[in-house]
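Trainee: my questions concern the predicted model and sequence given below.
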Number of protein chains: 2
Amino acid sequence: MELSSTAYVILGMVSREARSGYEIKALVDGSVRFFWAASYGQIYPELKKLSEAGLVEGVDAPTGDRKRTVYAITEAGEEALKGWLREPPETLEMREEGLLKLFFSGVLEPEEGAATLRAMRRQREQIGAQLRAIEAEKGEIDDPYPPMVLRAGIEFNTWFADWCERMEAQLLAPQHERGSS
Amino acid sequence: MELSSTAYVILGMVSREARSGYEIKALVDGSVRFFWAASYGQIYPELKKLSEAGLVEGVDAPTGDRKRTVYAITEAGEEALKGWLREPPETLEMREEGLLKLFFSGVLEPEEGAATLRAMRRQREQIGAQLRAIEAEKGEIDDPYPPMVLRAGIEFNTWFADWCERMEAQLLAPQHERGSS
DNA sequence: ACAGGCATGTAAATAGTTACATGATTCG
DNA sequence: CGAATCATGTAACTATTTACATGCCTGT
């Protein structure tokens, strides 16, 4: 039985304690969204599938009259998750519209390419600031991995913003020094 | 008329000279694939649409008996491309299965998390080597942007490989120095 | 009372991959 | 001749987003 990556995101998110679909979405948005997003349109149908496959188990946990189901991982689910975690990672996709625009910017004026770089830098600085804010507020000691991947996000965005700045300077720099040592 | 990002990739690829669908695919694979991929299943239908919209123009250019159509950008196509290039970039998605696995690796032994980091590092080193090979062979002087984004790919993969190495060391390091100044 | 957040779900559309089918050309 | 590459395209599938619909609960 082949599971999608989204299925494993869900299994991972319920592996420590039972969560509702809504909570899973919030957790994803607050942690892994920068390298793996998930929408309600995926989460709810996937929870149903995982439940039918016996990898998670739904338990009614209403808040007053508002119905609510939290899902807990089962033995089989934990085995599936661990099996997946042990396989070497494969998919790596990056879609960066900024780099794509830059690639084709030879048809524009240099100043316009520089503007794209500035927009990219601003965006990366914003994301970096958001991630730093998350880093500052958390105080969990037991699991080293979430802060580790958070750090990756911060470093990556810092590097990227810096790259944009350097490339902008290079673009707007005087052309004469091409072959200098 | 809204165009997909893939449409703009195609417009960009035919903006300097007329190309066939097959050539476009090869060009994409040799340049932007690391941050924006495209498959035949997207390229050929999209070329038809762009042709109907008058943004590219197909010209028969057979090789012997083998039929072949190259597409050239039109005035309208160039305007559409430039308009898009001038808008600030928005979409940025990254899907890194490795970071996702790492995030959930608290349920495994530290050595297993380290193994994921090693696999990630190896992969990034490989991609970096490929990009460096591309960088070494090219000798175009006129357009500064392709080498610029290539450099981004090289630097990114170098940073990422280095991060993996550092995190692996941190994971396997002795725990005792938690609160040192 | 009302806004905002909690909560669940579906429908429709778009995006994208994979696999397949077909056939010509070139190089060894 | 056979393999690799050039070349075009489609069908089926999977993934994913967006928008919508519904309704309760909490704080002001």
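Mentor: Thanks, I have it. Residues are numbered from 1 along each chain as shown, chains lettered A, B, ... in the order given.
Trainee: need the pLDDT of the nearest residue to residue A:27 once chain neighbours are set aside.
Mentor: The shortest distance from residue A:27 to any non-neighbouring residue, by Cβ to Cβ, 6 or more residues apart in numbering or on different chains, is to residue A:13 (5.3 Å). Any C-beta I mention is one placed from the backbone N, CA and C, and that applies to glycine too. With respect to pLDDT, residue A:13 scores 97.
Trainee: contact partners for residue A:13?
Mentor: Neighbour list for residue A:13: A:19, A:24, A:27-28 [criterion: Cβ atoms under 8 Å, 6 or more residues apart in numbering or on different chains].
Trainee: can you add secondary structure, pLDDT and distance to DNA strand D and give those residues back as a markdown table?
Mentor: Converted to a markdown table, the contacts of residue A:13 look like this (DSSP: H, G, I helix; E, B strand; the rest coil; pLDDT from 0 to 100; distance: Cβ to the nearest atom of the strand, whole Å):
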| residue | secondary structure | pLDDT | distance to DNA strand D |
| --- | --- | --- | --- |
| A:19 | strand | 97 | 17 |
| A:24 | helix | 98 | 13 |
| A:27 | helix | 96 | 15 |
| A:28 | helix | 96 | 10 |
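Trainee: if we can go back for a sec, would the residue nearest to residue A:27 count as being in a strand?
Mentor: No: assigned with DSSP: H, G, I helix; E, B strand; the rest coil, residue A:13 falls outside any strand and is helix.
Trainee: compute the distance between it and residue A:28, please.
Mentor: Residue A:13 sits 7 Å away from residue A:28, taking Cβ to Cβ, to the nearest Å as the criterion.
Trainee: check residue A:85 too.
Mentor: 17 Å.
Trainee: more neighbours, those two?
Mentor: residue A:85 (25 against 21; other Cβ atoms under 10 Å in any protein chain shown).
Trainee: any idea how far that one is from residue A:135?
Mentor: Separation of residue A:85 from residue A:135 (Cβ to Cβ): 24 Å.
Trainee: next, the buried residues of the host helix or strand of residue A:45.
Mentor: Assigned by DSSP states H and E, residue A:45 belongs to helix A:40-52. Across helix A:40-52, burial judged by 16 or more other Cβ atoms under 10 Å in any protein chain shown covers A:42-43, A:46-47, A:49-51.
Trainee: switch those residues over to TSV; also include distance to chain B and pLDDT.
Mentor: Output for the buried residues of helix A:40-52, formatted as TSV (distance: Cβ to the nearest Cβ, whole Å; pLDDT from 0 to 100):
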residue	distance to chain B	pLDDT
A:42	13	97
A:43	15	98
A:46	15	97
A:47	17	97
A:49	19	96
A:50	15	97
A:51	20	97
